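Q: My questions concern the predicted model and sequence given below.
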Amino acid sequence: MSHKRAIHVLGIGFTALVGLCGTPRLAAANGAFPTVSQLVPDPSDADHLVLRTTFGLLVTRDRGASWDWLCEEGMGYKDVQPPMAVLPGGVILLATPDGIMRSDAAGCDFERASGIDAMVLDLARVPTDPNGAVAVSLSGTDAQLWRTDDGGMTFTPLGDGISGFIPSTVDVAPTDADVIYVSGLAGTQGSLVRTRDGAKTFDTLPVPNTSTSRRPFIAAIDPNDAGTVYVRLDGEPSSLEVTHDGGDTFASPLMTRVPALGLALSPDGKTVIASNSYDGTFRADSTSLDFEKVACGGPSCLSFSASGLFGCGDQGVDGFIVGRSDDLGASFRGVVDLTCVRGPAACGAATTIGSACPGAWPATRDQIGANECSPPDIEPYTGCFAGAGGSTAASSGGTGPSAGAGAGGAAGAGQTPPAKSGGGGCSVGARRGSPDDGAWALAAGVFMLVRRRRGSNARRSA
């Protein structure tokens with residue numbers, strides 16, 4: 001399972017720089033509406049999860065029962081949502097505009113990794129090496145791969161630079177550390193750069209249906225097959241592109257009106273789940289890739305591991321920022337509520353977190369409403385607005401449960417956002433074909449505009 005990160009840059013200077021290069025946009029952190037965009041489990045501890053937010057990181061060591069806060073100041077970055085990886089044992093690695101920040105195993109003390117001082121756009125752990133990770137940086141219009149074998153303390157260049165390539169994401173095949181993929185733009189063409197020999201040589205392979213406004217992002221690599229890669233596209237409409245031969249050819253098994261920011265593979269690689277709050281949640285067997293619509297709404301990020309299936313929610317709409325699904329994406333129940341964040345992690349005063357975060361907590365506590373643990377009471381929907389749906393490659397409109405079957409959205413109890421008309425989708429019982437559908441469609445449009453703006457800082461997940 002691969003955790004795909006939303007790369008968001010903030011600040012006028014850095015935004016202008018990467019904008020000229022055509023790199024992914026970073027979204028506002030401090031001062032932004034509190035949202036979440038990446039959830040990563042500790043590979044060696046199912047109880048330990050790290051959640052990226054617009055106001056720092058949240059950490060749980062009891063599988064979501066309680067969450068503690070790590071402030072930006074204590075982690076050495078500001079106003080960005082850095083791509084991250086968690087190494088076995090708890091070390092957190094963060095990709096920042098100035099290099100890579102590394103924590104100790106307790107997540108209390110952060111320092112800058114040595115050997116790399118470039119603009120790092122993404123990183124990923126090496127599944128076959130507990131101390132290994134790779135990163136990709138950008139200088140001008142050239143990309144460079146980096147690798148660490150000492151748990152992120154030092155990084156060294158991996159192979160030669162990739163000329164004329166603007167990277168977005170990087171991932172390592174779970175079965176072969178020498179197989180590395182980097183997605184991005186080669187000129188105006190969305191492409192997948194592949195190495196099968198540990199970056200001695202590279203192949204640049206075009207990804208179909210891409211352009212500068214529809215960039216490719218690696219969502220997952222099959223845990224059993226180094227040649228099977230899932231690539232989601234930015235832009236609207238969007239599609240999921242899948243290759244079984246390392247990028248030589250692609251299929252497009254799922255089309256959606258907006259990007260499926262949530263995509264995850266089950267730990268055994270047999271089940272694929274894709275989601276967004278607009279088109280819904282889709283599930284398929286990885287062999288057939290015949291997607292079925294199982295919910296009319298969906299999380300903006302997904303994480304699927306031994307810890308379970310988790311998804312990012314919208315506090316104001318879903319009543320939580322992270323939910324857990326026990327029915328493979330058909331519904332999610334809240335496990336993280338902003339009002340219940342406990343405060344700064346318990347770290348010694350000599351650590352970067354212990355020295356910086358207690359003083360910063362009162363302002364953050366007021367911003368997220370964590371003055372008293374009181375999860376909101378959200379009235380659940382049990383179905384979808386008429387005509388909700390995405391489409392699969394085989395047919396227009398996903399199939400899904402009816403309202404009577406309890407079709408769920410991103411919320412734990414089935415909170416479902418309105419969706420565009422057209423195509424098939426989940427039913428709304430007696431409301432289908434109602435003479436008031438025009439008014440509902442107008443309300444749905446306004447609702448989705450607000451929701452999409454508030455949730456726009458998520459890029460990808462796994």
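A: Yep, that arrived.
Q: where's Val136 relative to Leu57, distance?
A: Per CB to CB, to the nearest Å, Val136 is found 21 Å from Leu57. For the C-beta atoms, the positions are set from N, CA and C on the backbone; glycine is no exception.
Q: from memory Pro259 sits against Ser239, does it?
A: No. Applying CB atoms under 8 Å as the test, Pro259 and Ser239 come out as separate, 9.1 Å apart.
Q: Report the set of residues contacting both of the two.
A: Residues touching both Pro259 and Ser239 (CB atoms under 8 Å, 6 or more residues apart in numbering) are Arg232, Leu233.
Q: how many neighbours does Arg283 have?
A: For Arg283, the tally of surrounding residues (other CB atoms under 10 Å) stands at 22.
Q: Can you tell me who it pairs with across the strands?
A: When bridges are called by DSSP bridges, Arg283 pairs up with Ile273, Glu292.
Q: That one and Val50, how far apart?
A: Arg283 is 26 Å from Val50, by CB to CB.
Q: Contact partners for Gln367?
A: Gln367 touches Pro34, Phe55, counting by CB under 8 Å, 6+ apart.
Q: Just the C-alpha atoms of the strand or helix carrying it, please, in PDB.
A: Assessed by DSSP states H and E, Gln367 sits inside helix 352-368. The C-alpha trace of helix 352-368 is given here as PDB (Å, rounded to 0.1, in the frame of the first residue of the first chain):
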ATOM      1  CA  THR A 352      12.100  20.700  19.400                       C
ATOM      2  CA  ILE A 353       8.400  19.700  20.000                       C
ATOM      3  CA  GLY A 354       8.600  20.200  23.800                       C
ATOM      4  CA  SER A 355      10.200  23.600  23.500                       C
ATOM      5  CA  ALA A 356       8.100  25.100  20.600                       C
ATOM      6  CA  CYS A 357       4.600  23.600  20.800                       C
ATOM      7  CA  PRO A 358       3.200  24.300  24.300                       C
ATOM      8  CA  GLY A 359       3.500  28.100  23.700                       C
ATOM      9  CA  ALA A 360       1.900  27.700  20.200                       C
ATOM     10  CA  TRP A 361      -1.000  25.500  21.500                       C
ATOM     11  CA  PRO A 362      -3.400  28.200  22.800                       C
ATOM     12  CA  ALA A 363      -3.900  29.800  19.400                       C
ATOM     13  CA  THR A 364      -4.200  26.500  17.600                       C
ATOM     14  CA  ARG A 365      -6.600  25.200  20.200                       C
ATOM     15  CA  ASP A 366      -8.900  28.200  19.700                       C
ATOM     16  CA  GLN A 367      -8.500  27.900  15.900                       C
ATOM     17  CA  ILE A 368      -9.600  24.200  15.800                       C
END
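Q: Could you list the buried residues of it?
A: Thr352, Ile353, Gly354, Ala356, Cys357, Ala360, Trp361, Thr364, Arg365, Gln367, Ile368 (16 or more other CB atoms under 10 Å).
Q: same thing with stretch 90-105?
A: 90-97, 99-104.
Q: Which ones among the residues you listed map onto strands?
A: In this view, the buried residues of stretch 90-105 that belong to strands under DSSP state E are Ile92, Leu93, Leu94, Ala95, Thr96, Gly99, Ile100, Met101, Arg102, Ser103.
Q: what's near enough to touch the fourth one?
A: Yep, that's Ala95 we're talking about. Arg5, Ile7, Pro82, Pro83, Met84, Val120, Leu121, Asp122, Leu123, Ala135.
Q: Report the beta-bridge partners for the last one.
A: By that I understand Ala135. Leu123, Trp146.
Q: how close does it get to Met255?
A: To Met255, Ala135 is 32 Å away according to CB to CB.
Q: out of those two, which sits in the busier spot?
A: Per other CB under 10 Å, whichever of Ala135 and Met255 has more neighbours is Ala135, with 28 against 20.
Q: My read is that that one contacts Ile116, right?
A: Yes. Ala135 is within contact range of Ile116, at 7.0 Å (criterion: CB under 8 Å).
Q: Please identify every residue contacting each of the two.
A: Ile100, Trp146, Phe155.
Q: now the strands for the stretch 1-150 of the chain?
A: 36-42, 45-53, 56-60, 68-70, 84-86, 92-96, 99-103, 110-112, 119-125, 133-139, 142-148 (DSSP state E, counting those that start in this stretch).
Q: count of neighbours near Gly319?
A: For Gly319, the count of nearby residues is 23 (other CB under 10 Å).
Q: measure it to Cys340 for me?
A: 12 Å.
Q: Check Pro376 too.
A: Distance, Pro376 to Cys340, by CB to CB: 11 Å.
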